[in-house]
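K.L.:
kindly return the folded structure for what I paste below:
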Amino acid sequence: MLAFTGANVVGANEDLRESETRTLGDVLYGSKAKVRVSEQEWVRIVQSIAAGDELALHSLYEQTYRIVFTLIVRIINNCETAEEVTLDVFHDVWRRASTYDPADGSVVGWIMNQARSRAIDRFRFEHRKRRVNIYVDNPLPTIAANDPQQACQLEEQSRLLRNALEVLTPEERRVIETAFFSELNYHEVAAKFNQPLGTVKTRIRSGLGKLRQALAGTLKGV
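P.N.:
Predicted coordinates:
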């Protein structure tokens with residue numbers, strides 16, 4: 001698969017302010033140097049991608065990355081993260097090109113639906129991650145200030161939770177966090193990391209087992 005560097009996505013970021021007042025068609029066909037692509041040509045490009053044509057993928061990327069990035073950054077509201085998600089979308093296009101059916105809608109619509117789905121999932125992931133980080137970094141609620149015993153208990157529980165997470169291998173922690181924060185099942189996590197389903201299941205199960213053992217009898221009432 002072609003390795004996208006993200007340089008073009010950065011270029012899209014520079015044009016974001018201008019594109020905010022433009023329509024989807026304006027963004028896609030805004031350059032007078034570009035020739036409007038017919039739907040038949042879009043379909044042909046996707047079919048070529050499905051057949052493993054990397055140049056076709058690059059052509060699709062060059063013509064659509066700006067509108068994909070623009071949509072994603074508007075949902076996520078973070079340019080750096082939007083760059084990552086944009087590349088994920090085109091990785092999905094590469095993997096799923098053979099599943100595209102013209103009867104279900106246009107090629108651009110198909111790509112934008114994937115972009116929207118990816119962006120929403122990432123937004124939710126980051127939101128949940130922030131909530132967990134806030135708890136781990138600031139575990140003591142305001143009411144605990146007037147209850148020293150409760151404050152000590154919560155502080156100890158937070159310490160035990162942090163220690164428990166440290167017993168996981170980086171691979172176990174990554175798949176468990178992804179499954180939890182993004183609410184993905186085994187198959188979806190395996191697809192996201194391009195790993196065998198059995199490997200993902202083993203890492204999640206072994207990681208959860210380690211967490212149960214590390215937390216056994218220590219976080220009662222949490």
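K.L.:
what helix or strand is G209 on?
P.N.:
Here G209 sits within helix 197-215, counting by DSSP states H and E.
K.L.:
so what does that helix touch, helix or strand wise?
P.N.:
helix 148-166, helix 170-181, helix 186-193 (3 or more C-beta pairs under 8 Å, 6 or more residues apart in numbering; DSSP states H and E). Bear in mind the C-beta positions are built from the backbone N, C-alpha and C, glycine included.
K.L.:
tell me which residues of the last one are tucked away?
P.N.:
For helix 186-193, burial by neighbour count (16 or more other C-beta atoms under 10 Å) applies to V189, A190, A191, K192.
K.L.:
which residues of the chain score low on pLDDT?
P.N.:
The chain contains residues with pLDDT under 70 at 1-35, 128-164, 181-183, 215-222.
K.L.:
and the helices in it?
P.N.:
Taking DSSP state H, the helices of the chain run over residues 7-14, 16-19, 24-28, 39-50, 54-76, 79-96, 107-137, 148-166, 170-181, 186-193, 197-215.
K.L.:
the helix holding G209 to helix 170-181, inter-axis angle?
P.N.:
In terms of direction (axes from the mean of the first three to the mean of the last three C-alpha atoms, to 10 degrees), helix 197-215 departs from helix 170-181 by 90 degrees.
K.L.:
next, the angle from helix 197-215 to helix 186-193.
P.N.:
110 degrees.
K.L.:
would JSON lines of the buried residues of helix 186-193 with distance to Q47 be doable?
P.N.:
Shown next, in JSON lines, are the buried residues of helix 186-193 (distance: C-beta to C-beta, whole Å):
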{"residue": "V189", "distance to Q47": "29"}
{"residue": "A190", "distance to Q47": "26"}
{"residue": "A191", "distance to Q47": "22"}
{"residue": "K192", "distance to Q47": "25"}
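K.L.:
pick the one among those closest to V68.
P.N.:
Minimum distance to V68 across these is 18.0 Å, recorded for K192 (C-beta to C-beta).
K.L.:
was I right about the closest one contacting T178?
P.N.:
Yes: at 6.5 Å, K192 counts as touching T178 under the criterion of C-beta atoms under 8 Å.
K.L.:
common neighbours of these two, please.
P.N.:
By C-beta atoms under 8 Å, 6 or more residues apart in numbering, K192 and T178 have these common neighbours: L184.
K.L.:
residue contacts, A191?
P.N.:
R95.
K.L.:
what does A50 give?
P.N.:
For A50, the contact set (C-beta under 8 Å, 6+ apart) comprises A97, S98, Y100.
K.L.:
the first one contacts I49, correct?
P.N.:
Yes: distance between A97 and I49: 4.0 Å, which falls inside the contact criterion (C-beta under 8 Å).
K.L.:
ok, the two, which is more surrounded?
P.N.:
Set A97 next to I49 and count neighbours by other C-beta atoms under 10 Å: I49 wins out with 25 against 22.
K.L.:
correct me, but that one touches H58?
P.N.:
No: if you go by C-beta under 8 Å, I49 and H58 don't touch, sitting 9.6 Å apart.
K.L.:
pop the domain breakdown of the chain in here.
P.N.:
7-123, 139-215 (automatic domain parsing).
K.L.:
circling back to that earlier point, which of the contacts of A50 sits closest to S106?
P.N.:
Nearest to S106 among the contacts of A50, with distances taken as C-beta to C-beta, is Y100, at 10.2 Å.
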